[in-house]
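Asks: All I have is the shape, not the residue letters:
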């Protein structure tokens, strides 16, 4: 399936300038695939950048080219919606290292033409943001009305405010954190080990073969998927309910609805995602600690961001990026005198709440962009 | 390694009677491997049965024959210890379906002599307890002074009180639950899928081959291991600390201490555990719902247990079997008029607290057995 995934055509720009990376390496040129919605106004002051999460992509408000499903934030982005494309020029770019058209491990080597695989350099959240800034330069957009993101998208928003505070008026950080915790790293490591244990992974050089590590990738997705949901949400949705036949098989089929659901989630994911991209992006998240270059003082990251208007949202059932992580960010912002509006919302869906039907979130996002909803 | 594991000699009895199983199948005979400590008194009234957890075994207070490490509850069981072998005759049996000498998927088929593999019938917690009762019959022990267990061991204690309340004076249930939640099932399913995705699993018939699904089993263990620890415990123990060289590799080596720890946990586990046994025992746990045969009313399971003295302990940082599950059991016990002493202990180690240095637990267990400590 990986080969089908890489045959999809995406709208992209290739920038011939070198992209310096946190690792010390650099990419000689960089391709960024992106989607945009709504018209850019004459003075280019109405651009909103949306940053996507680990397994997200640029198809924020358009059908996914591989699955045909609606955009992952179609409920949030569109005409008359909280991020109103009648007012804003919305841009969403596939992150560096991903698999939907931007430079990543499936990118061909400039010399041999073969996919780079594990020869692609390890990247960071700051590298992703540096690439996005290059895209905006290319598009002639100097300053963003807002940069908005949930989960890893929120990490990029925070990295924007640290690296380019003068280029953003407003920053909206949803269900995110300024660092990856030991438990977060541990879950990612399980996923990576599942992929790398799959003999079809072939040290990352599977693109030209008939085999791709879909089994390992599916297991990685299953483990991660549990962390995106709340225990209460799982109980409410599935409890201990058995499949339709309503009897225990006394075997290893998916007896429980939650097993069948997870298996489906794992399998479906392999149709739309590349295993190597999963390795690279989880690594970037693990490396993320915004306080790291400032001797562990998070406020140091925001020293030039006091004119950015921050909005932060956490969810009470999110155990992956719990509310305490958002509070820590708010305290650091307050200590440098930045404007930080923060609310913990009550929603039953765990970390995934930022993607789902939480009307209070719609109102907060619309408000943060200076509109009502 | 699996083949080495199966070469270890264990102390065991083989009972020629048929063991009826919840699945409707039966085992024509059953072998139970067990260890005992301390002398059985003349009237056979001082026997204490300890039930082990998913990956535990009968070596509760003696060195493990494969790893050489001290018994898994050596801190709790021994002369002068909370479960005092100067006073009690302590028995710990390897559960049915496991891999340390009791009947399980590695057991040879009676006719062909080849390991049963997936032809071994799916078993339940009640089946494990039925086999333990047969062992006690064989040993001439009619009634237990106490039955004690943590995690899946606690499930067996609960199943004992439902099936054989007249045979136990005291029941000690630690960090356990009367049913497996949707989230519990989901984590187990990830582990099973990791094992079954490993091509070396070979549909469970790997015993005679040179290959065993150690990579899949290691991934399963890694995922499970995270659930045994608290987020706070992981942060305290590892945080975001890097390995000794203290620099990011910008690669996929174990950069963070927590990664290296998890990889070690996964790998070490494969030296002492059999992948098929992991499948069977996780399945038994998923099927566990003590209220199920009583139209979902948990109190129904305890209708004959009002003369059993129950002691329950939960831990505040245990998110696998949270305190609410223990409270649910206590309420059901109270509704049938059983004596139920319950406390939530504060301990930083998450679910694994029941295995670790928690002095308050020692005192509670000693007290439940009628002694001081």
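Replies: Thanks, I have it. Being a predicted model, the structure only gives us computed values, none of them experimental.
Asks: Leaving out sequence neighbours, find the closest residue to the most centrally placed residue in chain A.
Replies: Geometric centre of chain A, nearest residue: residue A:53, 1.2 Å, by Cα atoms, centre = their mean. Take residue A:53 and drop its neighbours on the chain: the residue closest to it by Cβ to Cβ, 6 or more residues apart in numbering or on different chains is residue A:151, 4.0 Å away. (Each C-beta comes from the backbone N, C-alpha and C, glycine too.)
Asks: didn't the one you found look like it was pressed against residue A:176?
Replies: Yes: with contact defined as Cβ atoms under 8 Å, residue A:151 reaches residue A:176; the gap is 5.9 Å.
Asks: shared neighbours of these two, which are they?
Replies: Contact criterion Cβ atoms under 8 Å, 6 or more residues apart in numbering or on different chains; residues shared by residue A:151 and residue A:176: residue A:321.
Asks: Residue A:136: which element?
Replies: helix A:125-139 (DSSP states H and E).
Asks: oh sorry, the question was meant for residue A:43
Replies: Using DSSP H and E, no helix or strand contains residue A:43.
Asks: repeat for residue A:361
Replies: Assigned by DSSP H and E, residue A:361 falls in helix A:359-368.
Asks: Likewise for residue A:314?
Replies: strand A:309-315.
Asks: Determine how far that strand lies from the middle of the whole chain.
Replies: 16 Å (Cα atoms, centre = their mean, to the nearest Å).
Asks: Now the element after it, going C-ward?
Replies: Past strand A:309-315, the next helix or strand by DSSP H and E is helix A:323-335.
Asks: And the contacts of the helix holding residue A:361?
Replies: Contacts for helix A:359-368 (Cβ under 8 Å, 6+ apart): A:75-76, A:81-84, A:146, A:148, A:170, A:172, A:174, A:309, A:311, A:313, A:341, A:343, A:345, A:347, A:353-354, A:372-373.
Asks: which residues does residue A:148 contact?
Replies: If you count contacts by Cβ under 8 Å, 6+ apart, then residue A:148 has A:48, A:49, A:50, A:51, A:83, A:157, A:171, A:172, A:174, A:365, A:368, A:369 around it.
Asks: how close does it sit to residue A:243?
Replies: 39 Å (Cβ to Cβ, to the nearest Å).
Asks: What of residue A:140?
Replies: Taking Cβ to Cβ, one finds residue A:140 at 55 Å from residue A:243.
Asks: the more surrounded of those two?
Replies: residue A:243 (15 against 8; other Cβ atoms under 10 Å in any protein chain shown).
Asks: which ones are touching the more buried one?
Replies: A:254, A:255, A:256, A:257, A:260.
Asks: Relative to chain B, which of the residues you listed is nearest.
Replies: Nearest to chain B, judged by Cβ to the nearest Cβ, of the contacts of residue A:243 is residue A:256 at 5.3 Å.
Asks: I'd guessed that closest one sits against residue A:237; true?
Replies: No: counting by Cβ under 8 Å, residue A:256 stays clear of residue A:237, with 11.7 Å between them.
Asks: Just confirm residue A:72 contacts residue A:60, I think it does.
Replies: Yes: counting by Cβ under 8 Å, residue A:72 does reach residue A:60; the two are 6.2 Å apart.
Asks: Overlap of the contact sets of the two?
Replies: residue A:52.
Asks: who's more crowded, these two?
Replies: residue A:60 (27 against 22).
Asks: Which of the three states applies to the closest residue to that one other than its chain neighbours?
Replies: Nearest residue to residue A:60 in three dimensions, chain neighbours excluded: residue A:92, at 4.2 Å (Cβ to Cβ, 6+ apart). What DSSP: H, G, I helix; E, B strand; the rest coil gives for residue A:92 is strand.
Asks: Kindly provide the distance from residue A:164 to residue A:144.
Replies: 9 Å.
Asks: Could you do residue A:270 as well?
Replies: Counting by Cβ to Cβ, the gap from residue A:270 to residue A:144 is 34 Å.
Asks: can you check residue A:38 too?
Replies: 14 Å.
Asks: Who has more neighbours out of those two?
Replies: residue A:144 (25 against 21).
Asks: Quick one: residues contacting the closest residue to residue A:119 other than its chain neighbours.
Replies: Distances taken as Cβ to Cβ, 6+ apart place residue A:109 nearest to residue A:119, at 7.0 Å, with adjacent residues excluded. Residues in contact with residue A:109 (Cβ under 8 Å, 6+ apart) are A:115, A:116, A:119.
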